[in-house]
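A.B. asks: Sequence and predicted model, in that order:
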Amino acid sequence: MTLKDLIVQAAEQHGSSVALRYKQQGKWLTISYDELLTRIRHASEIVSRRGIQAGDRVAIYLENCPKWVEIYFAVVGLGAIAVPIDAKLKESEVAHILHDSGTRLLFADSMRYPIRKRWRHTPRSTMRYSPIRSSIRSSDRK
């Protein structure tokens, strides 16, 4: 059984139950298993449209947040390799990881935008950058 199978099974069994609980601007919010699966499928479409295939490396350079979970499951569900990057690393350390890993796609928020310019100048880079925008919808607030 794969991680993709597990998340589908969890959504089938637990549907509207809470899958993720997180704090944003001082308020606790939740995402159900059904909503999480929908978000993962949407993220999978985005990753696929960027040309990522099984075996490609996709970096996730974000703080802990629901988007991190969605992107991770989308990447591994497609058979690609997730390259999680600690959001607290120095820019030079992140650039080294991106270069050394052979990452083809980077997901990062606007706070981490400067790394994009540094990474683009590495010789092996065929990277594409995908900025993460806030996608918290009113349906998430429970």
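C.D. replies: Received, thanks.

A.B. asks: Next one, pLDDT for residue 77 please.
C.D. replies: Residue 77 carries a pLDDT value of 96.

A.B. asks: Residue ranges in this structure under the pLDDT threshold?
C.D. replies: Residue ranges of the chain with pLDDT under 70: 110-142.

A.B. asks: Please report the residue range of the longest helix in it.
C.D. replies: helix 33-49 (DSSP state H).

A.B. asks: ranges for the strands of the chain?
C.D. replies: Listed in chain order, the strands of the chain (DSSP state E) span 18-24, 27-32, 57-61, 81-84, 105-109, 128-132.

A.B. asks: If we go by neighbour counts, what in the longest one is buried?
C.D. replies: Buried residues in strand 18-24, counted by 16 or more other CB atoms under 10 Å: 19-20. For glycine as for every other residue, the C-beta is placed from the backbone atoms N, C-alpha and C.

A.B. asks: same question, the fourth one
C.D. replies: Burial within strand 81-84, assessed by neighbour count using 16+ other CB under 10 Å, is assigned to 81-83.

A.B. asks: ditto for the second one
C.D. replies: Judged by neighbour count (16+ other CB under 10 Å), strand 27-32 contains these buried residues: 31-32.

A.B. asks: Residues touching stretch 43-57, excluding its own?
C.D. replies: Stretch 43-57 is contacted by residues 58, 70-71, 73-75, 77-83, 101-105, 128, 130 when judged by CB atoms under 8 Å, 6 or more residues apart in numbering.

A.B. asks: please redo it, this time with the cut-off set to 6 Å
C.D. replies: 58, 70-71, 74, 77-81, 83, 101-105, 128 (CB atoms under 6 Å, 6 or more residues apart in numbering).
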